[in-house]
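Participant: Using only what follows, build the 3D model:
(chains A and B)
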Protein chains: 2
Amino acid sequence: MPERDDIVVMKFGGTSVAGPEEIKRAARRMVAAREAGNSVVAVLSARGKTTDELVASAYEISDRPDPREMDMLLSTGERISCALAAMAINDMGHNAVSLTGSQAGIVTDSSHTKAKIIDVRADRIREGLEEDKIVLVAGFQGVSTDSRDVTTLGRGGSDTTAVALAAALGASVCEIYTDVTGVFSADPRIVPNARKLPVVSFEEMLDMASSGAGVLQLRSVEYARNYNIPIHCRSSFEDLPGTLVLPESETMERPIITAVTHSTDEARVTVIGVKDEPGIAGRIFAALAEANVNVDVIIQNEPVHEGALADLSFTVETGDVVPATDAIAGLGEICREVRTDEKIGKVSIVGAGMRTHPGVAAKVFEVLGEKAINIEMISTSSIRISCVIQADQVPEAVRSLHDAFDLGEDQILTEAPTGEHHQVAPS
Amino acid sequence: MPERDDIVVMKFGGTSVAGPEEIKRAARRMVAAREAGNSVVAVLSARGKTTDELVASAYEISDRPDPREMDMLLSTGERISCALAAMAINDMGHNAVSLTGSQAGIVTDSSHTKAKIIDVRADRIREGLEEDKIVLVAGFQGVSTDSRDVTTLGRGGSDTTAVALAAALGASVCEIYTDVTGVFSADPRIVPNARKLPVVSFEEMLDMASSGAGVLQLRSVEYARNYNIPIHCRSSFEDLPGTLVLPESETMERPIITAVTHSTDEARVTVIGVKDEPGIAGRIFAALAEANVNVDVIIQNEPVHEGALADLSFTVETGDVVPATDAIAGLGEICREVRTDEKIGKVSIVGAGMRTHPGVAAKVFEVLGEKAINIEMISTSSIRISCVIQADQVPEAVRSLHDAFDLGEDQILTEAPTGEHHQVAPS
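Facilitator: Sure, this is the predicted structure:
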């Protein structure tokens, strides 16, 4: 008696379904996985620039499009991808069925344009699999329990859809197909000898995603960690393995530092002359949270004597500068001045081995110091050190750190690589 | 105590929602109707060429796209229009909510790409109206009872959605907004003095729609007649009244002939040398029905003596020529030869007054004869006479008949018209 098929969830991003050829290529991958004996569920994003175009059409109509209607609008893109991919699979002699987020049982709260998944009722998916069908699910969307309205999960939400389905279905793996071949030790556009990482732990991936690595959406990695779903992050345009994201217990011994990440999409807000009285910082950050502004790094210069004025600096995403300054202005006369600086960037090093290796921070400061790169703010987690620096110095900082911690392909390999995307065993 | 608001159903076609300006214009109409004290439900088509583009993208993937997936694909266009229109209305300070066909309770059978409405469960629409909202419904689509799948109603199906909703909601009128100002006594592109008809009966409109008048979808007119829903067919680009389609009892005394219609999208199939034995014609038309071919005019030349061979001719839509000849070929050796002619056209005159006025057919034949136009086939209803002629003679035939029956604007009016779209009282 044959064992029950392994369920594989495959997610294809926008560039992987951009045109008819890409859709057929993705369909062939699904068919190959089915023919290899797996039950296949595929989550698709909207094609290419479809979502951007739909957003633009909404802003042609209204400066503040109604969020419920925005979701109704944006959810169409993924349905188009799924219907077309189902046609392609049916043409290849296999059976496919496409499901909307609602039909797939992705139940969310009612926070339109940024809904959270609260339940997955995957009955129709299981029915489809039992009927020997490849099941295609429109990513990025769900249905709200209370109002039965279409909701969307926010940018990159299709990754979260895929991981949530993998958890609900007990899938053996969630494969995320994109236009890059995996997760790298640094951005290859800045560091030519950046190495594709064969394995990364959930914790490292979380710190990497939050500090600038754009391959996986942060929320999907959190979801995968919470439900222990292995993610295989790989290219839809070639057949080589990509990067596995696994529980730390399943990753082998790791180098101290795994990757250097960076971001230039940040700005600093400095609140100058804040009266140093209890609760004032609390009021500022409560106002920022109220305005949905995510604050990253924070530093406060303590006043030198009691009753004097303090300065408070924090970084936010560039797009949040105006809401952040508006929120502080809304608190009344709490400071002398608010300054903003959009010419900052952030460079981070991430590595689970950092926990047991003291001296990493010292080395980071030394490397940047040697290059005359001034560190303006610092934040750390147990496996990450982030430095806020001037934006124009970010590329040099990334290259210097990548080199100093011996992360390059040529620096790790003992054998000569056979190609640009040579698969590297974990060291 | 105020009376319950009148419910008005407004339907906007593809050109009426083509771009942001058109969508805002349509939204202003809905808002104006609401401010005039009506409860407003609007059914929207997909924008401009959206449906054509989606169909093309399906054929880029597959030569025979799966019908279920085709419906999933095509149903997105109307949702986009509705979401954008809802944003526009919300921006104007009114409340709007967009609903998919499924959310609006349009329940259909499972005939994908040509589904029939079998029930309208308009609870969510009524909820929306009670909450003082303008309710936007995605036209052309529904949900199948048995499989809970998205279905579509076929080309022009949004008209049917609108009339079905008007019937279910007890609306006072169903307004169909298009890019023409109403129903005309002939195609104004062929007959410059064609007259906009202020009133047409359901029966006349049915015969006009089936004989070439493209303004309203045939099925929607049948639905309106069955449920006694007045249709107001008008332009979304100007404010003048258009054409009312009403029960015959409510139309005033009519001229003998109301309109001349035509079509050049037809082809003739001639089955030559059919053995004249009982049941053979039945087998041919059963095979054509099986192949979903709609047959229009039929003539059979009786053989002159018993046991001889007969010829059978019929007309079909041009796109049905291949399925029709295939269907006949599938019957085996039942005739000597099958010939097709795609260079035919059809000219028809329609008018409820024809019933009580003999001699109309004689006048038609006389008029065409004077112009040396050969009538190749004839079919009639109690209020319509259709003649199949050579396609290149159709414009002259239309003009001659329009003139001979005094249908022109200048010929009906007793006062001079004040403009091209001058509103004319029924004579």
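Participant: Give the burial count for A:G319, as a bare number.
Facilitator: 10 (other Cβ atoms under 10 Å in any protein chain shown). Backbone N, C-alpha and C define where each C-beta goes, glycine included.
Participant: Are we agreed that it is in a helix?
Facilitator: Yes. The assignment for A:G319 by DSSP: H, G, I helix; E, B strand; the rest coil puts it in a helix.
Participant: quick one: it and A:N294, what's the gap?
Facilitator: Note on A:G319: its distance to A:N294, by Cβ to Cβ, to the nearest Å, is 10 Å.
Participant: where in the stretch 151-300 of chain A is pLDDT low?
Facilitator: Scanning the stretch 151-300 of chain A for pLDDT under 70 picks out the ranges A:251-254, A:276.
Participant: from it, which residue is nearest to chain B?
Facilitator: The nearest approach of the stretch 151-300 of chain A to chain B comes at A:T152, 11.7 Å away (Cβ to the nearest Cβ).
Participant: Report the separation between that residue and B:L244.
Facilitator: A:T152 sits 42 Å away from B:L244, going by Cβ to Cβ.
Participant: out of those two, which sits in the busier spot?
Facilitator: Set A:T152 next to B:L244 and count neighbours by other Cβ under 10 Å: A:T152 wins out with 27 against 21.
Participant: thinking that one is in contact with A:S111, fair?
Facilitator: No. Using Cβ atoms under 8 Å, A:T152 is not in contact with A:S111, being 9.7 Å away.
Participant: where do the helices sit along chain A?
Facilitator: A:20-35, A:50-61, A:67-74, A:76-91, A:123-130, A:157-169, A:202-210, A:218-227, A:280-290, A:321-329, A:360-370, A:394-404, A:409-412 (DSSP state H).
Participant: any chance of the ones you listed in a markdown table, with mean neighbour count and distance to A:D179 too?
Facilitator: Formatted as a markdown table, the helices of chain A follow (neighbours: other Cβ atoms under 10 Å in any protein chain shown; distance: least, Cβ to Cβ, whole Å):
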| stretch | mean neighbour count | distance to A:D179 |
| --- | --- | --- |
| helix A:20-35 | 19 | 10 |
| helix A:50-61 | 17 | 16 |
| helix A:67-74 | 25 | 21 |
| helix A:76-91 | 28 | 15 |
| helix A:123-130 | 17 | 27 |
| helix A:157-169 | 27 | 14 |
| helix A:202-210 | 25 | 17 |
| helix A:218-227 | 20 | 17 |
| helix A:280-290 | 15 | 35 |
| helix A:321-329 | 17 | 30 |
| helix A:360-370 | 16 | 31 |
| helix A:394-404 | 20 | 21 |
| helix A:409-412 | 15 | 20 |
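Participant: With distance to chain B added, can I get the ones you listed in JSON lines?
Facilitator: Formatted as JSON lines, these follow (distance: least, Cβ to the nearest Cβ, whole Å):
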{"stretch": "helix A:20-35", "distance to chain B": "4"}
{"stretch": "helix A:50-61", "distance to chain B": "4"}
{"stretch": "helix A:67-74", "distance to chain B": "4"}
{"stretch": "helix A:76-91", "distance to chain B": "4"}
{"stretch": "helix A:123-130", "distance to chain B": "8"}
{"stretch": "helix A:157-169", "distance to chain B": "17"}
{"stretch": "helix A:202-210", "distance to chain B": "31"}
{"stretch": "helix A:218-227", "distance to chain B": "25"}
{"stretch": "helix A:280-290", "distance to chain B": "23"}
{"stretch": "helix A:321-329", "distance to chain B": "21"}
{"stretch": "helix A:360-370", "distance to chain B": "48"}
{"stretch": "helix A:394-404", "distance to chain B": "38"}
{"stretch": "helix A:409-412", "distance to chain B": "38"}
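Participant: Pull out the buried residues from stretch A:211-219.
Facilitator: Neighbour counts using 16 or more other Cβ atoms under 10 Å in any protein chain shown place A:211-213, A:215-219 of stretch A:211-219 among the buried residues.
Participant: Just name the closest of these to B:T261, please.
Facilitator: A:Q217 (57.4 Å; Cβ to Cβ).
Participant: wait, what's in contact with that closest one?
Facilitator: By Cβ atoms under 8 Å, 6 or more residues apart in numbering or on different chains, A:Q217 lies in contact with A:155-157, A:159-160, A:209.
Participant: repeat that with 10 Å
Facilitator: Counting by Cβ atoms under 10 Å, 6 or more residues apart in numbering or on different chains, A:Q217 makes contact with A:153-160, A:162-163, A:176, A:209, A:223.
Participant: Out of those residues, which two sit at the greatest distance?
Facilitator: Once Cβ to Cβ is applied, those give A:G154 and A:I176 as the farthest pair, at 16.7 Å.
Participant: same for the longest strand along chain A, what does it pack against?
Facilitator: Taking DSSP state E as the criterion, chain A has its longest strand at strand A:259-275. The contact analysis (3 or more Cβ pairs under 10 Å, 6 or more residues apart in numbering or on different chains; DSSP states H and E) places strand A:259-275 against helix A:202-210, helix A:280-290, strand A:295-301, strand A:309-317, helix A:321-329, strand A:337-350, strand A:384-390, helix A:394-404.
Participant: try 6 Å this time
Facilitator: Packing partners of strand A:259-275 (3 or more Cβ pairs under 6 Å, 6 or more residues apart in numbering or on different chains; DSSP states H and E): strand A:309-317, strand A:337-350, helix A:394-404.
Participant: Output the ones you listed in a markdown table, with mean pLDDT appended to each entry.
Facilitator: Shown next, in a markdown table, are those (pLDDT from 0 to 100):
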| stretch | mean pLDDT |
| --- | --- |
| strand A:309-317 | 87 |
| strand A:337-350 | 93 |
| helix A:394-404 | 96 |
